[in-house]
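> One predicted model, sequence on top.
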Amino acid sequence: MKLGAVVPVYNHGEAVGAVLRDLRSHGLEVLLVDDGSESGCAAVLDQLHAAEPDAVHLLRLAQNQGKGGAMMAGLCQAQVLGWTHALQIDADGQHDARDVPRFIALAQQHPEHFVCGCPIYDESVPKARLYGRYATHIWVWINTLSLALRDSMCGFRVYPLAPTVALIKEVRIGRRMDFDVEIAVRLIWRGVPVLNQPTRVSYPSDGVSHFRALHDNVLISWMHTRLFFGMLLRLPLLLWRRLSA
């Protein structure tokens, strides 16, 4: 088993250095995916890579692909690097890197599982974002016919790369903020078991958010619609799994 971290970066030049230091303190190799960042952030990523070229890898996308596009490119590159598992964490510092060892331990104990973070929020969480997540949770439980995945929107998780990259190469998956939810549902559809790891999440007051309320909510709504009809096609299989569990 070889586990590294994939960090999608889009203009998080001020925060990504601290995230990288935290990941390296846990002994992880890191793949930074520059998702078409502006020159200032790109220069920061070049410096971070140059300081530890054997442990800090840099994948540069010429044009912004969205979080999902950056993650899919990063996961495919992680497999090329010889990794068997990839930890996903955001570049803006909202995820608590002190929980990284817990994710690693679960992945080592259950290497065939998809390990997904289950957020424990502090007072910094925007209430609209918090309440909006519940609608997605309900749709995910419907579309998987399961309560196994407690939070499908958390971007702190560990993927087993073999089934994940195979899925990416075979199915068109949302490339923006719909990515985290869709890939989680589709992994469950393919029989990849899931484990939930509680983790602390905060929203820095000066953090950079790329969530576009109208556009991304429309994408997420359309994704739920597509997944619902996909669930109907898979209904016999999903029911059989439920009954035989």
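On my side now, so go ahead. Residues are numbered from 1 along each chain as shown.
> which stretches of the chain have low pLDDT?
126-132, 204-217 (pLDDT under 70).
> max-length helix in it?
helix 213-233 (DSSP state H).
> Pick out the residue nearest the middle of the chain.
By Cα atoms, centre = their mean, the chain has its centre lying nearest to residue 155, at 3.8 Å.
> Pull up the gap between that residue and residue 239, please.
Distance of residue 155 to residue 239, given as Cβ to Cβ, to the nearest Å: 30 Å. In short, each C-beta sits where N, CA and C put it, glycine included.
> how about the helices in the protein?
Counting by DSSP H, the helices of the chain are 16-25, 39-51, 66-80, 100-109, 127-144, 161-170, 179-189, 213-233, 235-244.
> distance between the ends of stretch 53-64?
24 Å (Cα to Cα, to the nearest Å).
> Give the buried residues for it.
Within stretch 53-64, the residues that count as buried by 16 or more other Cβ atoms under 10 Å are 56-61, 64.
> One more: stretch 107-115?
Result for stretch 107-115 [16+ other Cβ under 10 Å]: buried residues 107, 113-115.
> again with stretch 33-47
Going by 16+ other Cβ under 10 Å, stretch 33-47 has these buried residues: 33-37, 41-42, 44-45.
> ok, back up a step: biggest separation within the buried residues of stretch 107-115, which pair?
Spanning the widest gap among the buried residues of stretch 107-115 are 107 and 114, at 9.3 Å by Cβ to Cβ.
> what is in contact with these two at once?
158, 160 (Cβ atoms under 8 Å, 6 or more residues apart in numbering).
> circling back to that earlier point, can you tell me which of the buried residues of stretch 53-64 are in strands?
Those of the buried residues of stretch 53-64 mapping onto strands are 56-61, per DSSP state E.
> got TSV for the residues you listed, with distance to residue 161 too?
TSV is the format used below for these (distance: Cβ to Cβ, whole Å):
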residue	distance to residue 161
56	19
57	15
58	19
59	15
60	21
61	19
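> picking up where we left off before, do you know which of the helices of the chain lies nearest residue 89?
helix 16-25 (6.7 Å).
> Show me which residues of the closest one are buried.
16-17, 19-20, 22-24.
> now, which of those residues sits nearest residue 224?
residue 19 (29.9 Å).
> what residues are up against the nearest residue to residue 219 once chain neighbours are set aside?
Residue nearest to residue 219 in three dimensions, not counting chain neighbours: residue 178, with 4.8 Å by Cβ to Cβ, 6 or more residues apart in numbering. If you count contacts by Cβ under 8 Å, 6+ apart, residue 178 has them with 68, 216, 219-220, 222-223.
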